[in-house]
Structures are given as structure tokens and as C-alpha cells.
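pasting the sequence and the predicted model now:
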Amino acid sequence: IGSIITPFMLGVCLGAVASGNLPTEPYLGGSFYDYFVSPWLQRFPMMIGALTLLLCAFLSSLYLTPRAHNEELKQDFRHRALGFAILIALAAFITLYAAKSDALLIYKQLLTQTWSLGFQIIISLVSVSVFVALLLKQDLLAKLAGMTQAVCLIGGWALAQFPYLIVDSHTILQSAASPSILIPVLITLAIGSVVLVPSFAWLYWIFRD
């Protein structure tokens, strides 16, 4: 249940931020539903939530395929990955349609910018390569292609929303802290990463099987 709710709600939050429908004024009373609930229950945030959930399930299938210990289980995961890939394609088209009315900036950016056509071609080729790799039982290639597809989807969303952190409200530069805060934080993160990154690498290595 947690594995379903978490990615879905993450997608809903991202969709609400990208829609430009979040309240920008302090809550001064009035309808609690309209202020705190309604912006998250629009079609676009719901579809982004579904798309995020499907993407996580798709990647899980791809990652588990090469780790399965028998061919029957591998084939089961391949079928699941293929099914989720088809659902992702359908959800992406429905989400784009919902964006036309609920997230106009995202819709226009994905279809009218100079990078839009190249992005659509690249993600289409990567998606096809996932299908081909799964059908040919090239599990490692399918995994890499699936990772690339996920990165392309996230990258496309980031490009479409740029320069906004919250669409029509806060840009990235407006929301950034001052250099006097950012520089010490970055230094602290760099020092902490020296310990954290090897620890995570060791953890994943131990539990790789």
C-alpha cells in the first residue's frame, strides 16, 4: 500500500505545482476545500500521479528481471514491464490532453518550443528500444533504456516548467536562498557526501542479490 500511495501522491504534488492552480495568497478563511483540497484534485495532478506510479512499477519490473533466479520468473517480469510500458504511453497522452486545459504552460512548452520536436523523437526512440530489448530478452539493455526513458520524462517536465519552481508564482531564482546561506550548505553537503556516497554504495552492493 505504501509503495502505491507514495509515488502517486508525489506525482499529484508535482502536478499541482506545475498546473499553476495553487493558491498564492495567505489563507484568510473561506472555503477550506477550495484552498487546500481542490487544487490537488484536478485532472492534471491526478494523471501525473498515475503516470508517476506507472513509471515506478515499470522501473521495478525492469530492475527485478535480471535479478530473478529462473527463466519463468524473468519472463513474468518482462511481461509486467511491457504492460506497464503500454500503460505509460497511454497515460502520457491522456496527461498531455489534460494539460491543455489544466496546465497550459506545460502543454505549450512540450509542443511549441524549439527543443520540443527533438525531445519527442528521442523519447519515442527510447520507448521503442525498451520494447525491442524486452522482446529479445536483452534484460540489461532494457533496464538501461528504461532508465533513460525515465530520465527523459523527468527532464521534459523540468524543461517545460522552467524557469518556474511553482508555475505562475515563484521562479527558481526568486525562491533561492542568498549566497551566504547556499555556499555553506553546499560545502556541508560536499563534506557529508564523502561519507554518505560510499556508505550507500556499500549498502546496495551488500543487498544486490
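Great, that's in hand. None of the values given here were measured: they were computed from a predicted structure.

now the helices for this structure?
2-19, 32, 43-64, 71-102, 104-112, 116-135, 139-161, 172-175, 179-206 (DSSP state H).

okay, and the beta partners of residue 166?
residue 170 (DSSP bridges).

if I read this right, it contacts residue 16, doesn't it?
No. The criterion here is C-beta atoms under 8 Å, and residue 166 misses it with residue 16 at 9.2 Å. C-betas here are computed from N, CA, C, even on glycine.

apart from its neighbours in sequence, what residue is nearest residue 43?
With C-beta to C-beta, 6 or more residues apart in numbering as the criterion, residue 43 has its nearest non-adjacent residue at 4.3 Å, and that residue is residue 98.

run a quick neighbour tally on the one you found.
When neighbours are counted by other C-beta atoms under 10 Å, residue 98 registers 21.

for the spatially most central residue of the chain, give its distance to residue 69.
The residue lying closest to the centre of the chain (C-alpha atoms, centre = their mean) is residue 154, at 4.8 Å. Going from residue 154 to residue 69 by C-beta to C-beta, to the nearest Å gives 31 Å.

again, but for residue 92
33 Å.

and the two? which has more neighbours close in?
residue 92 (18 against 8).

distance of the more buried one from residue 54?
Applying C-beta to C-beta to residue 92 and residue 54 gives a distance of 9 Å.

just residue 182 next, same as before
From residue 182 to residue 54 the distance is 35 Å (C-beta to C-beta).

kindly report the same for residue 104.
For residue 104, the distance to residue 54 - C-beta to C-beta - is 24 Å.

show me which of those two is the more surrounded one.
residue 54 (23 against 14).

got any ranges where this structure has weak pLDDT?
In the predicted model, the chain carries pLDDT under 70 at residues 208-209.

now do the end-to-end distance for stretch 58-73.
By C-alpha to C-alpha, to the nearest Å, the extent of stretch 58-73 from end to end equals 16 Å.

er, stretch 167-176 I mean
Stretch 167-176 end-to-end distance (C-alpha to C-alpha) = 15 Å.

quick one: buried residues of it?
By 16 or more other C-beta atoms under 10 Å, the buried positions in stretch 167-176 come out as 167, 170.

show me the contacts for the nearest residue to residue 42 once chain neighbours are set aside.
Spatial nearest neighbour of residue 42, chain neighbours left out: residue 102 (5.2 Å); criterion: C-beta to C-beta, 6+ apart. Listed by C-beta atoms under 8 Å, 6 or more residues apart in numbering, the contact set of residue 102 reads 19, 21, 42-45.
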